[in-house]
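1. quick one, fold the following:
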Amino acid sequence: MFAASAYAIYKDLKAPSPEHTAWSMVALGTLVSAVVAFIVVRWLLQFIQSHTFVGFGWYRIVLGLLMVYFALGRG
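-> Alright, predicted model coming up:
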């Protein structure tokens with residue numbers, strides 16, 4: 001997938017087409033998503049060092065039970 005994407009970008013940069021000229025927006029989106037991902041992962045690592053997964057466990061159990069309930073056509 002990476003190679004195919006890199007080749008498509010290479011082809012488009014060599015001979016740009018009108019519908020693929022928004023590379024600045026792609027770069028901005030990549031930059032923003034990288035910064036947000038870094039901030040979220042950093043926060044999550046700090047959070048799990050000082051909290052337990054008990055709440056997450058109960059959330060998953062309740063969600064699983066609801067999914068089974070609706071999958072069986074009861075809802």
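
2. after the worst-scoring helix or strand of the chain on mean pLDDT comes which helix or strand?
-> Scoring the helices and strands of the chain by mean pLDDT, DSSP states H and E places helix 2-14 at the bottom, with a mean of 78. Later in the chain than helix 2-14, the nearest helix or strand by DSSP states H and E is helix 23-50.

3. and that next one with helix 2-14, angle?
-> 150 degrees (axes from the mean of the first three to the mean of the last three Cα atoms, to 10 degrees).

4. average model confidence for helix 23-50?
-> Summarised as a single mean, pLDDT over helix 23-50 is 89.

5. and the following helix or strand past it, what does it pack onto?
-> Counting by DSSP H and E, the next helix or strand C-terminal to helix 23-50 is helix 54-71. For helix 54-71, not one helix or strand is in contact under the criterion 3 or more Cβ pairs under 8 Å, 6 or more residues apart in numbering; DSSP states H and E. From N, CA and C alone the C-beta is placed, and that goes for glycine too.

6. what's the angle from helix 54-71 to helix 23-50?
-> 110 degrees.

7. ok now helix 54-71, how far from the chain's centre?
-> Offset of helix 54-71 from its chain centre (Cα atoms, centre = their mean, to the nearest Å): 22 Å.

8. ok, now stretch 63-75?
-> Put simply, stretch 63-75 sits 26 Å off its chain's centre (Cα atoms, centre = their mean).

9. output the least confident helix or strand of the chain as CSV, nothing but the C-alphas.
-> Only the C-alpha atoms of helix 2-14 are listed here, as CSV (Å, rounded to 0.1, in the frame of the first residue of the first chain):
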residue,chain,number,x,y,z
PHE,A,2,2.8,2.4,0.9
ALA,A,3,4.6,1.7,-2.4
ALA,A,4,1.4,2.2,-4.4
SER,A,5,0.6,5.4,-2.6
ALA,A,6,4.2,6.7,-3.1
TYR,A,7,4.0,5.8,-6.8
ALA,A,8,0.6,7.6,-7.2
ILE,A,9,2.0,10.7,-5.5
TYR,A,10,5.1,10.6,-7.7
LYS,A,11,3.0,10.4,-10.8
ASP,A,12,0.8,13.2,-9.7
LEU,A,13,3.7,15.4,-8.9
LYS,A,14,5.3,14.8,-12.3
